[in-house]
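Q: output the structure for:
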Amino acid sequence: MIPEPPPVDQGTRYELVAMIARPGVLEPVCVVHPCARLVELEQGLALIPMTESLVGSLEPGEVAVPPETGFRAVSAGVWQLLQQTSTAGPVAYVEADYLGRDGWQTAAVWQRALAYGPFLLGTSEPFPRTGGGPIGAALRCLGVVAGQRHDEFVRVGLGRHRRTEYWE
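A: Residues are numbered from 1 along each chain as shown. As a prediction, this is how the structure comes out:
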């Protein structure tokens, strides 16, 4: 049984490591990797949390991950999975880790190859006034439309859980 997430408050840590795309793009990952969990989001997207069990089930991969990406959790196997999965459509890979307003995020989008990013918003960098940072920009690449009051992150429902493991 999965533990209930703690109540959301300003002092609670938020962390996410995930692949995001249209469900039809991500479903084959779940077929090949039974430990992968497809979770529906808003605006016709879905998410696969990159849990330890999923990352551990991946082949090591033959691609060297460039260190300048800003990614902290991506392995060669994850990088290869993103490239392979993106042959069916664009796939975003996102990482974020925040405690209150302090933290970082990085995101990229693959479409047969790296098509956007990776871009990093570091711990000492101010959050952009427009654009929602790297994750918001990656979501726009997937067709997400922000509302008048909410950015792309909120519109797809990425605030639903505070930790990657709660998405399982």
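Q: burial measure for residue 34, as a count.
A: For residue 34, the count of nearby residues is 10 (other Cβ atoms under 10 Å). The way it works is simple: take the backbone N, C-alpha and C, and place the C-beta from them, glycine included.
Q: that one in helix, strand or coil?
A: Classification of residue 34 by DSSP: H, G, I helix; E, B strand; the rest coil places it in coil.
Q: so for it, what's the pLDDT?
A: Note on residue 34: pLDDT of 94.
Q: tabulate the CA atom coordinates of the lowest-mean-pLDDT helix or strand in the chain in CSV.
A: Here the helix or strand of the chain ranked lowest by mean pLDDT, DSSP states H and E is helix 152-156, holding a mean of 85. The C-alpha coordinates for helix 152-156 follow below in CSV (Å, rounded to 0.1, in the frame of the first residue of the first chain):
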residue,chain,number,x,y,z
GLU,A,152,1.4,25.1,-17.4
PHE,A,153,2.7,23.3,-14.3
VAL,A,154,-0.6,23.9,-12.4
ARG,A,155,-2.8,23.4,-15.5
VAL,A,156,-1.6,19.8,-16.0
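Q: what comes up buried for that helix?
A: Buried residues in helix 152-156, counting neighbours by 16 or more other Cβ atoms under 10 Å, are found at 152, 153, 155, 156.
Q: list the contacts of that helix.
A: Outside helix 152-156, the residues that touch it by Cβ atoms under 8 Å, 6 or more residues apart in numbering are 20, 41-43, 45, 132, 135-136, 139-140, 144-147, 159.
Q: and the furthest pair within those?
A: The distance between the two most remote of the contacts of helix 152-156 (Cβ to Cβ) is 18.2 Å, for 20 and 147.
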